[in-house]
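> Quick one, what's the 3D model for this:
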Amino acid sequence: MAVSAREQRILILAGLVGAVFVVTQIVPAVQGLYQRRNAEIETVLLAVEREARLIEDSLLWRDRRIEAEVQQTQVETQIFSGATIPLVEANLQRDLSKHARDSGLSVSSTRLADSLQADDWLMVSQEMSFRTDDAGNTITFLRLLENSEPRLRVRDFSLSRSRNQYNGSITVVGFAENMSRGDGQ
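Just a heads-up that it's a prediction; the model follows:
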């Protein structure tokens, strides 16, 4: 079967119309589908990356929270407690006298404690005079203070010798969370 020239022109024209249709309709639709697919893939990859970052950050924040809780526990063991300032002062004085006795020092005198409030903290300062016949007892005493819980920090220290006896004085400070005096202040 032979194709006439007219049929050939119709077939060529139909082929051209088909090619134009494919180029103007099907190719853009396929390109749009491809671009939407790539955009969806990119969105999923970004979401996966964000989730991975959140997981890493959550581990970091969990570690920081644990570290903060440990530090809080350490601080709590180093500060004095008490419902009122006089109770905190009494606790500090009791601990200081106990450490002196445990290290072989005789307490000569103690002054009234001084306290200073600032923001959320209370600093209590206690002065004590002591005597001993062995200078090594003072080293033991200072080591006990250094390792004390709640922590007693040495602010001032002096030691003198007269005959066979050593006389000394010490001022220590301790800290507590701020509270009222219990007398309306």
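> From V75, how far off is the spatially most central residue of the chain?
Residue closest to the average C-alpha location in the chain (Cα atoms, centre = their mean): A68, at 3.3 Å. Using Cβ to Cβ, to the nearest Å, A68 is found at 10 Å from V75. C-betas here are computed from N, CA, C, even on glycine.
> Now do stretch 6-18: distance to the chain's middle.
Centre-to-centre, stretch 6-18 and its host chain are 80 Å apart (Cα atoms, centre = their mean, to the nearest Å).
> what does the domain assignment say about this protein?
The chain resolves into domains spanning 1-78, 85-177 when parsed by automatic domain parsing.
> tell me the most buried of these?
domain 85-177 (a mean of 16; mean count of other Cβ atoms under 10 Å).
> got JSON lines for the domains of the chain, with mean pLDDT too?
JSON lines is the format used below for these (pLDDT from 0 to 100):
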{"stretch": "domain 1-78", "mean pLDDT": "89"}
{"stretch": "domain 85-177", "mean pLDDT": "91"}
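> by contact count, what packs against the lengthiest helix in the chain?
In the chain, taking DSSP state H as the definition, the longest helix is helix 27-78. Using 3 or more Cβ pairs under 8 Å, 6 or more residues apart in numbering; DSSP states H and E as the contact test, no helix or strand touches helix 27-78.
> Return the distance of the residue lying closest to F175 once chain neighbours are set aside relative to D134.
Distances taken as Cβ to Cβ, 6 or more residues apart in numbering put I79 closest to F175, at 5.0 Å, once the chain neighbours are dropped. Using Cβ to Cβ, I79 is found at 32 Å from D134.
> Same check on G82?
34 Å.
> Ok, V172 next?
Applying Cβ to Cβ to V172 and D134 gives a distance of 21 Å.
> now do P86
34 Å.
> So what touches stretch 150-166?
Identification of contacts with stretch 150-166 by Cβ atoms under 8 Å, 6 or more residues apart in numbering yields 77-81, 91-92, 95-96, 99, 125, 127, 131-135, 138, 142, 145, 167-175.
> Take the residues you listed and keep only those in helices.
T77, Q78, N91, L92, D95, L96, H99, T138, L142, L145.
> Adding distance to N38 as columns, could you present these in TSV?
Formatted as TSV, the ones in helices among the contacts of stretch 150-166 follow (distance: Cβ to Cβ, whole Å):
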residue	distance to N38
T77	59
Q78	59
N91	70
L92	71
D95	71
L96	74
H99	74
T138	79
L142	73
L145	70
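> Quick check: the farthest pair among those residues?
T77 and T138 (25.1 Å; Cβ to Cβ).
> what about Q117, is that helix, strand or coil?
Classification of Q117 by DSSP: H, G, I helix; E, B strand; the rest coil places it in strand.
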